[in-house]
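1. sequence and predicted model, in that order:
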Amino acid sequence: MFTNALTSLSRRSLISRVVKPSLPPSRTFHSSRQLSAVRYVRFGGGGSDKGGWRPRFNQWDRPTKLLAGAVGGGGVYYVYHLERIEETGRWRFIDVSPEREKQLAEESNKEVLAEFGSKILPHNHPEARQVSKVASRILSAANLGEVKGHRGEETLSLGISDLFGNDVWGSPSYGSQAADRLKQEWEVFVIKDDKIPNAFVTPGGKIFVFTGIFPACQNEDGLATVLGHEIAHQVVRHSAEKLSGMKVFGALVLLLEILGLDVGVSRLGLTLFMTLPNSRSMESEADQVGLRLMAQACYDPRESTKLWERMSQLEAQSSGGKWWNFGAKMSDVDFVSTHPANSKRIKALEQWIPSALSIRAGSSCGADMSSKYESFKDTSRTLAMQPRPRWDA
């Protein structure tokens, strides 16, 4: 029986080994390095490098890849459309063609004519003839074309390519492209509105002058300062540059909004630190180029500083001397303005006047105009010393 029991026990043990194989003793799992829990890290969110996780391009989500691609493509587009201005050597972004610029200007011209058409003086009006005379002289001297309905004076000098060329500046010839692009028939519109001291020139050759600017001009040299400045805007294509800059502004606002910055804050920041400084830079550039244009046409560039002194006085008068009106004070502050402060313009013009005088002396009118100017000053001094007649005698 014992044998049978033993045999039966052996059989059960064998069956147990066959059916339920023995398992190795259980033990706690360990690793030579403790693994940290998986976590999501926002792109650009920083964090410690101890975890060994670093963002890679193939780990970016689709929106991030699209944003990176758009920024990269925009950067390439921006660099491709950078150009150097012939007249000053400044680099700027511009992607608007001259043809498109003129198309947009035609629409603007229609709006101005529709608004002020009833106030436009006839071409034979003395003030209109005076403006046409000065504009024609500047355009003819720079070889930029003629004024419609005005018999221009003889060409006074060498043309715009020589205005910025080797003979005067000792640098490569600038301005030939502008002369080819702008040589056309220009048209002058004098608007009878003594309350608006303004003038502007649009692409396509339309010159608008408000009679309110005449008190600041006072003479032909002052008027030449204004017209030279406005024509210079078109020589350098500032209208197209502003249109191009609006695209950059819009793209940057959109980018900053995507990155989470408030739209109002981004617009304000870009306006203060990009748009307004660029606008002031263009105005200063027009002052510089305009001074050369008027000097080549034999106008006295020294009158330019006097013009801006008179403009400052007019602005102070328009403020009425009221303590709450900051018009006079703001004429010397340009941080929030599209134009440089008058005091800064005067200082800059004083630095450019010697070069402009050398251009004037080098033009075909240099000797004649110099002698006439000195003669005029002598005559003026003589007349000033004479006693004035008393009408009540």
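-> Thanks, I have the structure now.
2. for residue 233, what are phi and psi?
-> Dihedral pair for residue 233: phi -60, psi -40, per degrees, to the nearest 10.
3. next SSE after the helix or strand residue 71 falls within?
-> Element membership for residue 71, per DSSP states H and E: helix 62-80. Next along the chain after helix 62-80, taking DSSP H and E as the criterion, comes strand 82-84.
4. so which other helices or strands are in contact with that following strand?
-> Helices and strands touching strand 82-84, by 3 or more Cβ pairs under 8 Å, 6 or more residues apart in numbering; DSSP states H and E, are strand 91-93. All C-beta atoms are positioned from the backbone trio N, CA, C, and that covers glycine.
5. coming back round to it: give the buried residues for the helix holding residue 71.
-> For helix 62-80, burial by neighbour count (16 or more other Cβ atoms under 10 Å) applies to residue 67.
6. I'd like the mean pLDDT over that helix, please.
-> Mean per-residue pLDDT for helix 62-80: 89.
7. can you check stretch 238-256 too?
-> When pLDDT is averaged over stretch 238-256, the result is 93.
8. then it to CSV, C-alphas only?
-> Provided in CSV are the C-alpha atoms of stretch 238-256 (Å, rounded to 0.1, in the frame of the first residue of the first chain):
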residue,chain,number,x,y,z
HIS,A,238,9.0,107.2,-51.5
SER,A,239,5.4,106.5,-52.4
ALA,A,240,6.2,103.0,-53.5
GLU,A,241,8.4,102.5,-50.4
LYS,A,242,5.6,103.4,-48.1
LEU,A,243,3.2,101.0,-49.9
SER,A,244,5.8,98.2,-49.5
GLY,A,245,6.3,99.1,-45.9
MET,A,246,2.6,98.6,-45.2
LYS,A,247,3.0,95.0,-46.3
VAL,A,248,5.9,94.4,-43.9
PHE,A,249,3.9,96.1,-41.1
GLY,A,250,0.9,93.9,-41.7
ALA,A,251,3.0,90.7,-41.8
LEU,A,252,4.7,91.6,-38.5
VAL,A,253,1.4,92.4,-36.8
LEU,A,254,0.1,89.0,-37.8
LEU,A,255,3.2,87.2,-36.6
LEU,A,256,3.2,88.9,-33.2
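9. list the helices and strands the helix holding residue 71 packs on?
-> Packing partners of helix 62-80 (3+ Cβ pairs under 8 Å, 6+ apart): helix 238-258.
10. what does the helix it packs on rub up against?
-> 67, 71, 74, 78, 81, 92-98, 100-101, 104-105, 202-203, 233, 263, 266-267, 270, 274-275, 278-279, 282, 285-286 (Cβ atoms under 8 Å, 6 or more residues apart in numbering).
11. in that helix, what's buried?
-> Those would be 238-245, 247-249, 252-253, 256, for helix 238-258 by 16+ other Cβ under 10 Å.
12. tabulate those (a markdown table), appending distance to residue 208.
-> Shown next, in a markdown table, are those (distance: Cβ to Cβ, whole Å):
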| residue | distance to residue 208 |
| --- | --- |
| 238 | 16 |
| 239 | 14 |
| 240 | 19 |
| 241 | 20 |
| 242 | 17 |
| 243 | 19 |
| 244 | 23 |
| 245 | 23 |
| 247 | 26 |
| 248 | 28 |
| 249 | 26 |
| 252 | 32 |
| 253 | 31 |
| 256 | 37 |
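13. which stretches of the stretch 51-200 of the chain have low pLDDT?
-> By pLDDT under 70, the low-scoring segments of the stretch 51-200 of the chain are 51-58, 151-180.
14. circling back to that earlier point, now, of the contacts of helix 238-258, which are buried?
-> Buried residues within the contacts of helix 238-258, counting neighbours by 16+ other Cβ under 10 Å: 67, 92-96, 101, 104-105, 202-203, 233, 266-267, 270, 275, 278-279, 282, 285-286.
15. ok, so of the buried residues of helix 238-258, who is nearest residue 343?
-> Nearest to residue 343 among the buried residues of helix 238-258: residue 238, at 22.6 Å, using Cβ to Cβ.
16. which strand or helix spans residue 200?
-> strand 199-202.
17. strand partners (parallel or antiparallel) of that strand?
-> strand 206-210 (antiparallel) (DSSP bridges).
18. which residues touch the next helix or strand after the partner strand?
-> Following strand 206-210 in sequence order, the next helix or strand is helix 214-217 (DSSP H and E). Contact with helix 214-217 is made by 127, 197, 222, 223, 225, 226, 307, 310, 311, 314, as judged by Cβ under 8 Å, 6+ apart.
19. could you do stretch 334-353 as well?
-> Here stretch 334-353 makes contact (Cβ under 8 Å, 6+ apart) with 272, 276, 279-280, 283-284, 287-288, 291, 301-302, 304-305, 308-309, 311-312, 315, 330-333.
20. let's see it at 7 Å
-> Stretch 334-353 is contacted from outside by 276, 279-280, 283-284, 287-288, 291, 301-302, 304-305, 308-309, 311-312, 331-333, using Cβ atoms under 7 Å, 6 or more residues apart in numbering.
21. would you mind checking the residues you listed for buried ones?
-> Buried, going by 16+ other Cβ under 10 Å: 276, 279-280, 283-284, 287-288, 291, 301-302, 304-305, 308, 311-312, 331, out of the contacts of stretch 334-353.
22. put the alpha carbons of stretch 195-207 into CSV.
-> The C-alpha trace of stretch 195-207 is given here as CSV (Å, rounded to 0.1, in the frame of the first residue of the first chain):
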residue,chain,number,x,y,z
LYS,A,195,-5.6,127.7,-44.4
ILE,A,196,-3.7,124.6,-45.6
PRO,A,197,0.1,125.1,-45.7
ASN,A,198,0.9,122.1,-47.8
ALA,A,199,2.1,120.8,-51.1
PHE,A,200,2.7,117.3,-52.6
VAL,A,201,3.6,115.6,-55.8
THR,A,202,2.1,112.3,-56.9
PRO,A,203,3.5,109.5,-59.1
GLY,A,204,2.6,110.3,-62.7
GLY,A,205,3.7,114.0,-62.5
LYS,A,206,0.9,115.8,-60.7
ILE,A,207,2.0,118.8,-58.6
